[in-house]
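**Student:** could you work out the structure for the sequence below:
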Amino acid sequence: MKRLQFAILLSIPLCWFFFKLLQAYTHPSACSVPNFVYAENLEQLNRWCFDAYSKTRYDDSANFLYVFSLWLLIHFLKYTSIKAAFVVSTMSSLVSVYLIQRIIDSRFFGVNLLLVGLFFMSTQIWAGVLGDEVLFQGMLLLLAVRSYWKQRYFWLMIWSALNIMGRPDTLFLVLPLIIASYTDIRELKERYVHKFIIARIRKTVLLLIVPVLLFFTYRYLYFGKIMPYNWCRL
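**Tutor:** Below is the predicted model of the structure:
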């Protein structure tokens, strides 16, 4: 079981690098500037749009929750978009370092997990230099990983839902954690198996499926589309 957990943890930063950080290197301007524009327009115009002269609600941002976090700082603390991005990145970095430290608490697997953690944080740092939202999304992903590692399925569902709300493509990163968490059934006696499956399915529906469906329903009613527009063009 430990080997399976380590293999999944090792695959996460690899997927993170190839599917997220690579985009930041190839199109760095497309990964940062639009987020700031969306946050500023949301504050000034009270609608989600990139073009201030258009009345159409439009979302082509890299990360929905990241833009919303910037807007919260801009709206309530009167920060500039750059200062808000700096605060979010700093907090994301500090929380990520703390989570890495909390995840690595096994003496036997400590060295291997440390290498995984260092590789993960190295991609985070480079992404932060480029001004990307990877720092913020990486923090959310680490929260899901820690919940999985500590066998806290309740929080795994919550952080998985937030990951998907931020960027829909993170479904492919959190889904292996959710599937692997069901292997805990091997440690149970046969009379507890049925209750275990029912409880897991109930938590999955209430804490993951329902919130995500409500979020995408809201997106459809507000924007007229479920996915961001850059996804719709693919």
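**Student:** spell out which helix or strand contains V33, please.
**Tutor:** Using DSSP states H and E, V33 sits within helix 28-45.
**Student:** render the CA-only coordinates of that helix in PDB, please.
**Tutor:** Below are the C-alpha coordinates for helix 28-45, written out as PDB (Å, rounded to 0.1, in the frame of the first residue of the first chain):
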ATOM      1  CA  PRO A  28       4.000  33.100 -20.100                       C
ATOM      2  CA  SER A  29       2.000  36.200 -20.900                       C
ATOM      3  CA  ALA A  30      -1.100  34.100 -21.400                       C
ATOM      4  CA  CYS A  31      -0.800  32.600 -17.900                       C
ATOM      5  CA  SER A  32      -0.600  35.800 -15.800                       C
ATOM      6  CA  VAL A  33      -1.800  39.000 -17.400                       C
ATOM      7  CA  PRO A  34      -5.400  37.900 -18.100                       C
ATOM      8  CA  ASN A  35      -6.000  37.000 -14.500                       C
ATOM      9  CA  PHE A  36      -5.100  40.500 -13.400                       C
ATOM     10  CA  VAL A  37      -7.300  42.000 -16.100                       C
ATOM     11  CA  TYR A  38     -10.300  39.900 -15.100                       C
ATOM     12  CA  ALA A  39      -9.800  40.800 -11.400                       C
ATOM     13  CA  GLU A  40      -9.600  44.500 -12.100                       C
ATOM     14  CA  ASN A  41     -12.600  44.500 -14.400                       C
ATOM     15  CA  LEU A  42     -14.600  42.500 -11.900                       C
ATOM     16  CA  GLU A  43     -13.900  45.200  -9.300                       C
ATOM     17  CA  GLN A  44     -14.600  48.200 -11.600                       C
ATOM     18  CA  LEU A  45     -17.400  46.900 -13.800                       C
END
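**Student:** output the contacting helices and strands for that helix.
**Tutor:** helix 22-26, helix 64-77, helix 81-103 (3 or more C-beta pairs under 8 Å, 6 or more residues apart in numbering; DSSP states H and E). Every residue, glycine included, has its C-beta placed from N, CA and C.
**Student:** and the most centrally placed residue in the chain, what helix or strand is that in?
**Tutor:** Nearest residue to the geometric centre of the chain (C-alpha atoms, centre = their mean): N163, 3.2 Å. Per DSSP H and E, N163 falls inside helix 153-166.
**Student:** report the mean confidence score over the next helix or strand along the chain from that helix.
**Tutor:** Following helix 153-166 in sequence order, the next helix or strand is helix 171-181 (DSSP H and E). Helix 171-181 shows an average pLDDT of 88 in the prediction.
**Student:** and the angle from helix 171-181 to helix 153-166?
**Tutor:** Here the directions of helix 171-181 and helix 153-166 differ by 170 degrees (axes from the mean of the first three to the mean of the last three C-alpha atoms, to 10 degrees).
**Student:** mind starting the numbering at 26 from now?
**Tutor:** Sounds good: first residue 26 from here, last item helix 196-206.
**Student:** now helix 196-206, how far from the centre of its chain.
**Tutor:** 13 Å (C-alpha atoms, centre = their mean, to the nearest Å).
**Student:** ok, stretch 226-238 next?
**Tutor:** Centre to centre, stretch against its chain (C-alpha atoms, centre = their mean), the figure for stretch 226-238 is 17 Å.
**Student:** now stretch 187-202
**Tutor:** Distance, centroid of stretch 187-202 to centroid of chain: 6 Å (C-alpha atoms, centre = their mean).
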